[in-house]
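# Next one to model:
(chains A and B)
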Amino acid sequence: MAFEGLADRLQNTLKKIRGKGKVSEADVKEMMREVRLALLEADVNFKVVKDFIKRVTERAVGQEVLSSLTPGQQVVKVVHDELTSLMGGEQSKIAVSNRPPTIIMMVGLQGAGKTTMSGKLANHLRKRHNRKPLLVAADIYRPAAINQLETLGKQLDIPVFSLGDKVSPVEIARQAIMKAKEDHNDYVIIDTAGRLHIDEELMDELSQVKEMANPHEIFLVVDAMTGQDAVNVAQSFNEQLALTGAILTKLDGDTRGGAALSIKAVTGLPIKFVGMGEKMDALEPFHPDRMASRILGMGDVLTLIEKAQTSVDEEKAKELEKKMRDMSFTFDDFLEQMGQVKKLGPLDELLGMLPGAAKMKGLKNIQIDEKQLSHVEAIIQSMTKHEREQPEIINASRRKRIAKGSGRTVQEVNRLIKQFEDMKKMMKQMAGMTKGKKKGFKLPFM
Amino acid sequence: MSFLKKLKEKFTTQSDSVTEKFKSGLSKTRNSFASKVNDLMKRYRKVDEEFFEELEEILISSDVGVHTVMDLIDELKDVARSRNIQDTNELKSAISEKLAEMLHKDDQDGHLNMQESGMTVILFVGVNGVGKTTSIGKLAYRFKNEGKKVLLAAGDTFRAGAIEQLEVWGERAGVDVIKHQQGSDPAAVIYDSVKAAKSRNVDVLLCDTAGRLQNKVNLMKELEKIKRVIEREVPGAPHEVLLVVDATTGQNAMSQAKIFGESTDVSGLILTKLDGTAKGGIVLAIRHELDIPVKFVGLGEKIDDLEPFDPDKFVYGLFAGLEEEAE
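The predicted structure follows:
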């Protein structure tokens, strides 16, 4: 791919300023150039990018660099936080009218995925909210659009209202709502024809449908792959119809999906759902944090950073560093370290969160055996307190006892003790290397 | 004579309807692009760093893509330096010249590899919702009008209503459709269609496929299988594999062109919905970064609104208003 993750790229730019305690204005500027490129490559509208960069620059200048993070990561974190907050919280609620039926109108460009999304939404309402939706086929223009909705309805066993393609959408909507009242359907989902936002005639038609149906929700369905024009599309539809939310489709592709940010920034509309596949249940609520990571093209590194921040106790880390240096690192410390790594989550998941890890040689098909870790834990827990503090005293008979106690073999116990001694030696070397530089502590496992 | 004037002369003397179609189809693109460039020229008399920066933004806002824009701006800077251009108005012609140059990589544009004798098989691929079926309908109509015998293969067996949609287009164009049921094996449909096309002595077989996102490995494999079936049944076929791309798509179009290209040897692009977008700049990026010719562009919703792509006409359509206003 032409682009690599923002995190990687920032790290490259930042090699020269690594180790700084504070980020200077010039540093930030240089980094912001990278951020700008990343956002533009993700199809975020350039005006939105401009405003965004301005705001983030202000926030990033003079920020204390957290000791556990490099300045690059710190900037990424600021950028990520801003992106996440800009995109708003999770808002997958759908209006409920106190006088049913609640009416939902689906609008958008051709090929955005309105019909499929109508089906998914109906399925969601019935499954998750125990509702009785009625689908309305009001796309009288595209050949076989009505047929498509009817087929989906049959698959889902949800009723579809249609009057063929010779009746106006306004009339279809009117009769559909009457029918819904008769049949006690509490939701009506109107699937409208795709149209260009610049097509005045068809946009007027939508306004008429809206006037007639008086919908509680009007969702703009947007293809996640949309480019710079997403802003104009969202703006035009919003001005004409006063939308209540947006739905992003085809997000299961490899697009970075900057359109999400553009739409949100320009219209302020909440993004309610995202389409994640072709199956009828492939509908998910919108997660601003995940979207931010995706736009920045950096896997889920921030989740990882945050996890590390919260799970690694600063005080304990310092104490450990000291222990490493004077070789007083014990099996107890080892156990504690393992506990901290475990707190971060399953190891293969952790690897997945590292940007580029998927591409790294050797790491590609790695299978981390979580069992191995629990075996190690069991072995250590079978040692006496004295043994853990002074591993040198563990002789052959003690090894046998430990093996029995932990249910492992003596060989495994031997291997662990050997590894532990090696690690201690390595730590001594590492500690010697970084002595005086006051470098942040790194976990021996990572 | 400036480059644009040359183009203008060429097309005004021709006065053909296709140029008009490009002009009106691209009016939205032109209005925003040309008026933005015009506005820029008015505000900046001198060619300087800030001027280029704003030009860069205008290009990016047309979905041209960061990399291509940077290359283009660098080239323009070189031109300005070597020709010692200081007045922004003088640079205008250089801009359109560079854009046309970028599009003019080879003369495969707008030209399909049609077989003189025997059947021509064309396979259509692309992501969901780009307008594959619609494009096939329009092309069928076009070939039919050229006096060719056309057959359509309803290879999208996945999406609800896709087969019916192709049938409606077949009716409109007066062309037969070979189909199975929804959910059946698309390779089998294509196999039957090739057989039928052979026995009916058809000139052109247009094969529809289901839309798929390019990162779905299994679905891409399915597409490879469909292509293999065609290869096996008709030596030298498919004669064209056309990737249909929605003109509103942003940078993901690059990924589409790349991955579809790898698995099916895409031979050309059809750019749809070009009339509705202020963009279409992605054509430049695709031409610049991946060497795939653009065969057809969709300039409207009518059955005859699919036109062979002509880089000169495209650039002229893009700049027509610009030059006139400047004079």
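# pLDDT weak spots in the stretch 51-200 of chain A?
In the predicted model of the stretch 51-200 of chain A, residues A:62-73, A:89-90 satisfy pLDDT under 70.
# which bits of it sit near chain B?
The stretch 51-200 of chain A comes close to chain B at residues A:109-113, A:115-116, A:142-152, A:155, A:196-199, as judged by CB under 8 Å from any CB of the partner chain. The C-beta positions use only the backbone N, C-alpha and C, and glycine is treated the same way.
# which ones among those residues are found in helices?
Secondary-structure check on those using DSSP state H: residues within helices are A:115-116, A:145-152, A:155.
# May I ask which two of those are separated the most?
Checking those against each other with CB to CB, the farthest-apart pair comes out as A:A145 and A:Q155, at 15.9 Å.
# Name the residue in the two with the higher neighbour count.
A direct count of neighbours by other CB atoms under 10 Å in any protein chain shown for A:A145 and A:Q155 places A:A145 higher, at 25 against 13.
# Now, of the residues of the stretch 51-200 of chain A next to chain B, which are buried?
The neighbour-count criterion (16 or more other CB atoms under 10 Å in any protein chain shown) marks A:109-113, A:115-116, A:142-152, A:196-198 among those as buried.
# what about the closest residue to A:M87 other than its chain neighbours, how many neighbours?
Closest residue in space to A:M87, ignoring its immediate chain neighbours: A:P288 at 3.9 Å, by CB to CB, 6 or more residues apart in numbering or on different chains. By the other CB under 10 Å criterion, the neighbourhood of A:P288 contains 21 residues.
# quick one: A:P288 from A:I271, how far?
When distances are taken as CB to CB, to the nearest Å, A:P288 and A:I271 turn out to be 8 Å apart.
# try B:G147
51 Å.
# cool, and A:V209?
Relative to A:I271, A:V209 is positioned 23 Å away (criterion: CB to CB).
# Counting neighbours, what do you get for residue 220?
Chain wasn't specified; assuming chain A. The local packing count at A:L220 equals 30, with neighbours defined by other CB under 10 Å.
# Let me rephrase: I mean chain B.
Residues contacting B:M220 under the criterion other CB under 10 Å number 19.
# pretty sure it is in a helix, no?
Yes - secondary structure of B:M220 (DSSP: H, G, I helix; E, B strand; the rest coil): part of a helix.
# Would you confirm that it contacts B:I259?
Yes - judged on CB atoms under 8 Å, B:M220 makes contact with B:I259 at a distance of 7.1 Å.
# any common contacting residues for the two?
Any residue near both B:M220 and B:I259 by CB atoms under 8 Å, 6 or more residues apart in numbering or on different chains counts here, and that gives B:Q214.
# need the contact list for A:P101.
A:P101 is in contact with A:134, A:177, A:180-181, A:185-188, counting by CB under 8 Å, 6+ apart.
# and the spatially most central residue of chain B, what are its bridge partners?
Per CA atoms, centre = their mean, the C-alpha nearest to the average position across chain B is that of B:L271, at 2.9 Å. Judged by DSSP bridges, the bridge partners of B:L271 are B:V245, B:V297.
# Verify the stated contact: it with B:I292.
No - shown here, B:L271 and B:I292 do not form a contact pair, counting by CB under 8 Å, at 11.0 Å.
# Where does the prediction get shaky in the stretch 151-300 of chain B?
Judged against pLDDT under 70, the low-scoring parts of the stretch 151-300 of chain B cover residues B:276-280.
# should've said the stretch 1-150 of chain B
When residues are selected by pLDDT under 70, those of the stretch 1-150 of chain B lie in B:1-19, B:21-32, B:105-109.
# sorry, back to before: tell me which entries of the contacts of A:P101 lie within strands.
By the criterion of DSSP state E, membership of the contacts of A:P101 in strands covers A:134, A:187-188.
# Just give me the closest of those residues to chain B.
The closest of these to chain B turns out to be A:L134 (CB to the nearest CB; 17.7 Å).
# which residues touch the closest one?
Going by CB under 8 Å, 6+ apart, A:L134 touches A:101, A:158-161, A:176, A:179-180, A:183, A:185, A:187-189.
# how about the nearest residue to it, chain neighbours excluded?
Nearest one to A:L134, counting by CB to CB, 6+ apart, is A:N185 at 3.9 Å.
# Then B:Y141?
For B:Y141, the nearest residue in space outside its immediate sequence neighbours is B:A173; the separation is 4.0 Å by CB to CB, 6+ apart.
# okay, now the one you found: neighbour count?
Burial of B:A173, expressed as a neighbour count using other CB under 10 Å, amounts to 22.
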